[in-house]
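Novice: below is the structure, and that's it, no one-letter string:
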């Protein structure tokens, strides 16, 4: 009996350079071959369009993953032709290649609907890495400053960079926004489409068109607790409520929750203190390596990841008596990156969990006994750290039923907001519509009164920065952006929880172990 012939998609669409096979020595010898190979199966179905953050038809019609794959294929052909004619690759082609790579928030949402499993987020990172290796990546001051801040491990450097960015940079940006509000409003109401990077003057207006967050803590979380020395592992616990046998968790705060929005890292520690567990922190300031990978600095990312893994093995050997079984994170990007650290080999039998899911597991919730609680909007980050169940279920279990999910990307995307503010403006245009819809629903349901400010909660430090930039975009009142764990600390531990926790920890709550 003959087997039925099954349709074979391998030849459904093959770009012409795929036909060259073994003759394509240039592609075999360069990273461009891997990029071409990763997009060659595209069927041009366009299922990726509705979910893509940078595909906003009223602001920018050209940069859906499908279109970017078409453009990438054409550019690869152009590179091959130019390489073979020995004229060298045209600078203009590299600029176009960079423009395609820039139009991506690396959210990986295009992977789910794709019938041939192309993840254009991965492709974009590979394209950025190739541009860096070829020396064709444009220097962008905002991105460079952010990377210096994230790569730094010296406490003095971090202190200087933080005061330069928060005390000077953020304040100057907020002042510029007040001065040029009308110009900015014109731009945000109808964002111009991009065909290549916008001129410098226009980029500046894109950068200041929505206010950066204000009122941040004056110091990093480690500086407040005096645990900046990288030679010591801090173990934080309530001496009155814990013993040496009490459950211990390893908390990896990451850059956003520790260096910039230090209230997030401190709220996480305060809630773990409240839960009655011992919290082990990594020694010194560490970054997980994802931001470097996202911006195409693969060599730097690999070095950071290897250094961290070696350090964590040393920490695990030193603290083996604590029998750590849980690694807690407060950031989705850190979660995604730490999954590749093989923590089961560092702390045998351990798992990685988000702080919010951990608190729910411990039965610590804000959920009122009767009634639905306060009304909130919830922004589920592209890199959601809540993996055990649908994030909305976790949020409703923690806060009550009066929570509405707010769709679409916030437009900050790590360093995209400072690297290509013109693309961010287009992404924010769509998010602003979504926020106003959410506000109308909350007010219509009676969860928030007409004159009350709307509160939006999230679980990602970059999104916290992104969402706080919409503060003046509501129909009535302001939009207040915050972290779920910070809101829980505010409600459960009192408004002065931060000072109380810092004082308690500094008075006999921190044990420092030499590593």
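Specialist: Nice, thanks for sending it over. Not measured: the values here are computed from a predicted model. Numbers count the residues shown, from 1 in each chain.
Novice: use CA for all of it now, contacts and neighbours both
Specialist: OK.
Novice: mind listing the helices for the stretch 1-150 of the chain?
Specialist: Under the criterion DSSP state H, counting those that start in this stretch, the stretch 1-150 of the chain contains helices at 25-28, 31-39, 65-84, 91-102, 120-133, 141-151.
Novice: in terms of mean pLDDT, which of those ranks lowest?
Specialist: Here the lowest mean pLDDT among those goes to helix 25-28, at a mean of 65.
Novice: assumed residue 251 was part of a strand.
Specialist: Yes. With DSSP: H, G, I helix; E, B strand; the rest coil as the criterion, residue 251 is located in a strand.
Novice: bridging residues for it?
Specialist: Residue 251 has the following beta-bridge partners by DSSP bridges: residue 328.
Novice: mind listing what it touches?
Specialist: For residue 251, the contact set (Cα atoms under 8 Å, 6 or more residues apart in numbering) comprises 279, 280, 281, 282, 327, 328, 329.
Novice: neighbour count, distance to residue 419 and pLDDT added to those residues, as a markdown table?
Specialist: A markdown table is the format used below for those (neighbours: other Cα atoms under 10 Å; distance: Cα to Cα, whole Å; pLDDT from 0 to 100):
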| residue | neighbour count | distance to residue 419 | pLDDT |
| --- | --- | --- | --- |
| 279 | 25 | 35 | 96 |
| 280 | 26 | 35 | 97 |
| 281 | 22 | 31 | 97 |
| 282 | 22 | 30 | 96 |
| 327 | 23 | 32 | 97 |
| 328 | 25 | 30 | 97 |
| 329 | 25 | 26 | 97 |
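Novice: columns distance to residue 320 on top of these, output as a markdown table?
Specialist: Output for those, formatted as a markdown table (distance: Cα to Cα, whole Å):
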| residue | distance to residue 320 |
| --- | --- |
| 279 | 14 |
| 280 | 12 |
| 281 | 14 |
| 282 | 14 |
| 327 | 14 |
| 328 | 17 |
| 329 | 20 |
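Novice: return the member of those nearest to residue 504.
Specialist: residue 279 (14.1 Å; Cα to Cα).
Novice: for that closest one, give me phi and psi.
Specialist: phi -110, psi 120 (degrees, to the nearest 10).
Novice: my guess is it contacts residue 236, does it?
Specialist: Yes. Residue 279 lies in contact with residue 236 (Cα atoms under 8 Å); the separation is 5.0 Å.
Novice: shared neighbours of those two, anything?
Specialist: residue 273.
Novice: among the helices of the stretch 1-150 of the chain, show me which one is buried the most.
Specialist: The highest mean neighbour count among the helices of the stretch 1-150 of the chain, using mean count of other Cα atoms under 10 Å, belongs to helix 120-133: a mean of 22.
Novice: quick one: mean pLDDT for the longest helix seen in the chain?
Specialist: For the chain, the helix reaching the highest residue count under DSSP state H is reported as helix 421-445. Mean per-residue pLDDT for helix 421-445: 92.
Novice: tilt between that helix and helix 91-102?
Specialist: 20 degrees (axes from the mean of the first three to the mean of the last three Cα atoms, to 10 degrees).
Novice: for the helix or strand just after helix 421-445, what is the average pLDDT?
Specialist: Using DSSP states H and E, the helix or strand that directly follows helix 421-445 along the chain is strand 454-458. In this model, strand 454-458 carries a mean pLDDT of 95.
Novice: ditto for stretch 163-183
Specialist: Taken as a whole, stretch 163-183 carries a mean pLDDT of 90.
Novice: how long is it from one end to the other?
Specialist: In stretch 163-183, first residue to last residue: 28 Å (Cα to Cα, to the nearest Å).
Novice: give the buried residues for that stretch.
Specialist: Residues 165, 166, 170, 171, 173, 174, 176, 177, 181 are the ones in stretch 163-183 that count as buried (16 or more other Cα atoms under 10 Å).
Novice: please report how far the first one lies from residue 384.
Specialist: In this structure, residue 165 and residue 384 are separated by 26 Å, where distance is defined by Cα to Cα.
Novice: the fifth one now?
Specialist: Distance check for residue 173 against residue 384: by Cα to Cα, it reads 29 Å.
Novice: cool, the last one as well?
Specialist: Using Cα to Cα, one gets 33 Å for the distance from residue 181 to residue 384.
Novice: so residue 235 sits in a strand?
Specialist: Yes. Looking at residue 235 with three-state DSSP, it is inside a strand.
Novice: that one pairs with what?
Specialist: Beta bridges link residue 235 to residue 280, residue 511 when assigned by DSSP bridges.
Novice: does it touch residue 280 like I think?
Specialist: Yes. If you go by Cα under 8 Å, residue 235 and residue 280 touch, sitting 4.5 Å apart.
Novice: which helix or strand in this protein has the lowest average pLDDT?
Specialist: Counting by mean pLDDT, DSSP states H and E, the chain has its least confident helix or strand at helix 25-28, which shows a mean of 65.
Novice: let me know the pLDDT of residue 14.
Specialist: In this model, residue 14 is scored at 49, pLDDT.
Novice: for residue 466, same thing?
Specialist: As predicted, residue 466 sits at a pLDDT of 94.
Novice: oh, and call the first residue 451 from now on, that's how I've got it
Specialist: Taking 451 as the first residue, the last one we looked at is residue 916.
Novice: got a list of what the residue lying closest to it once chain neighbours are set aside touches?
Specialist: Leaving aside its sequence neighbours, residue 916 sits nearest to residue 862 (Cα to Cα, 6 or more residues apart in numbering; 4.8 Å). With contact taken as Cα under 8 Å, 6+ apart, residue 862 is in contact with 874, 912, 913, 915, 916.
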